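J.: Sequence first, then the predicted structure, then my questions.
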Amino acid sequence: MKTNKKIMLSTDESLFVRGPLSRFREFTFASKVFINFIKAFRKMHFIGPCVTVFGSARFTKDSEHYKNAEKIGAALAEMGFTVMTGGGPGIMEAANKGAFEAGGKSVGCNIILPFEQHPNPYLHTWINIPYFFLRKVILVKYSYAFVVMPGGIGTLDELFEALTLIQTKVIKDFPIVIFDSEYHKELCHHIRVMAENESISAEDMKLLFVTDSVADVIKHIETHSVKKFGLVKKQVKPKWWLGESSKTSF
């Protein structure tokens, strides 16, 4: 599970976050970001309502975490959701595999890294994204619920990104499910400590649902996403004059 390799940002992103650059280089970077946003929007426009599953890329197929993610992916697909992940191996692959083999729809937002990350084989479609911040926008933009599986720093980053956006009303209060109470017990304890010290409100605790049951995951999302928001999949037709076709949709 351990590795001595270091994850490096893309050259553009790494340079951009180090401080001011020349006006030309910053304009060039902003233009690349805009182009990648447009590519992502075009690719993901027809994917339908999604549930995003977050989790580690490092768990293998014989892991209990992998098996649970596979079950959750299948159950979400049976609900009619498109299962979206970061598109890589581990938990991401498992959730995509569950949806794919259950006859559902499976998509990925794959980050371009020098190692570890590559599109898994259980994706109907995916987008390769060179910037972490852009990827997080896409993972949130098309989702009506979030399932947080066991993971590392990246998974926690994605959890708190979604939680912050919901807490501040930037997006609606879509359900966030934390799966595996034992794995996340210290995390949940710290969130309770924050509430006790009033650095978050007691009401914020209600934004999270912690469970060890796949059935409870589905029931919670059914109640707090499908029923709450009257979620019905809309059929969006491709526009030929925008260069779209049925091949870009499912």
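T.: It's in.
J.: quick one, what contacts Asp204?
T.: Counting by C-beta atoms under 8 Å, 6 or more residues apart in numbering, Asp204 touches 167, 195. (C-beta placed from N, C-alpha, C; glycine too.)
J.: Kindly provide the distance from it to Leu187.
T.: 14 Å (C-beta to C-beta, to the nearest Å).
J.: List the contacts of His118.
T.: Applying C-beta under 8 Å, 6+ apart, the residues near His118 are 88-89, 110.
J.: In CSV: the residues you listed, plus neighbour count and distance to Ala74.
T.: Output for the contacts of His118, formatted as CSV (neighbours: other C-beta atoms under 10 Å; distance: C-beta to C-beta, whole Å):
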residue, neighbour count, distance to Ala74
Gly88, 24, 19
Pro89, 22, 18
Asn110, 20, 21
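J.: Return the subset of those residues lying in helices.
T.: In helices, defined here by DSSP state H, there are no members of the contacts of His118.
J.: quick check, nearest of those residues to Asp12?
T.: Comparing the contacts of His118 against Asp12 with C-beta to C-beta places Asn110 closest, at 17.0 Å.
J.: gap between that closest one and Ile129?
T.: From Asn110 to Ile129 the distance is 7 Å (C-beta to C-beta).
J.: Identify the contacts common to those two.
T.: Overlap of the contact sets of Asn110 and Ile129 (by C-beta under 8 Å, 6+ apart) is empty.
J.: what bits of the protein have low per-residue confidence?
T.: The model of the chain has pLDDT under 70 over residues 1-10, 113-117, 231-237, 240-241, 245-250.
J.: now the strands for this structure?
T.: Using DSSP state E, the strands of the chain run over residues 50-54, 82-85, 105-111, 125-129, 143-148, 176-179, 208-211.
J.: Scan this protein for its longest helix.
T.: Assignment by DSSP H gives helix 23-44 as the longest helix of the chain.
J.: Would you mark the buried spots in it?
T.: 29, 32-33, 36, 40, 43-44 (16 or more other C-beta atoms under 10 Å).
J.: Columns distance to Asn120 on top of those residues, output as JSON lines?
T.: As requested, the buried residues of helix 23-44 are exported to JSON lines (distance: C-beta to C-beta, whole Å):
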{"residue": "Phe29", "distance to Asn120": "29"}
{"residue": "Lys32", "distance to Asn120": "26"}
{"residue": "Val33", "distance to Asn120": "25"}
{"residue": "Asn36", "distance to Asn120": "21"}
{"residue": "Ala40", "distance to Asn120": "18"}
{"residue": "Lys43", "distance to Asn120": "17"}
{"residue": "Met44", "distance to Asn120": "17"}
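J.: which one of those is nearest Tyr183?
T.: For these, the closest approach to Tyr183 (C-beta to C-beta) belongs to Met44, at 29.8 Å.
J.: what separates that closest one from Ala99, distance-wise?
T.: 16 Å.
J.: One more: Pro130?
T.: Distance, Pro130 to Ala99, using C-beta to C-beta: 25 Å.
J.: For this protein, which segments count as helices?
T.: Under DSSP H, the chain gives helices at 11-16, 23-44, 64-79, 91-101, 132-141, 153-167, 185-196, 214-221.
J.: Name the stretch among the ones you listed that sits most buried.
T.: helix 91-101 (a mean of 28; mean count of other C-beta atoms under 10 Å).
J.: Tell me which of the strands of the chain is the most buried.
T.: Using mean count of other C-beta under 10 Å, strand 82-85 ranks as the most buried of the strands of the chain, with a mean of 32.
J.: What pairs with it, parallel or antiparallel?
T.: The strands that strand 82-85 pairs with in its sheet are strand 50-54 (parallel), strand 105-111 (parallel) (by DSSP bridges).
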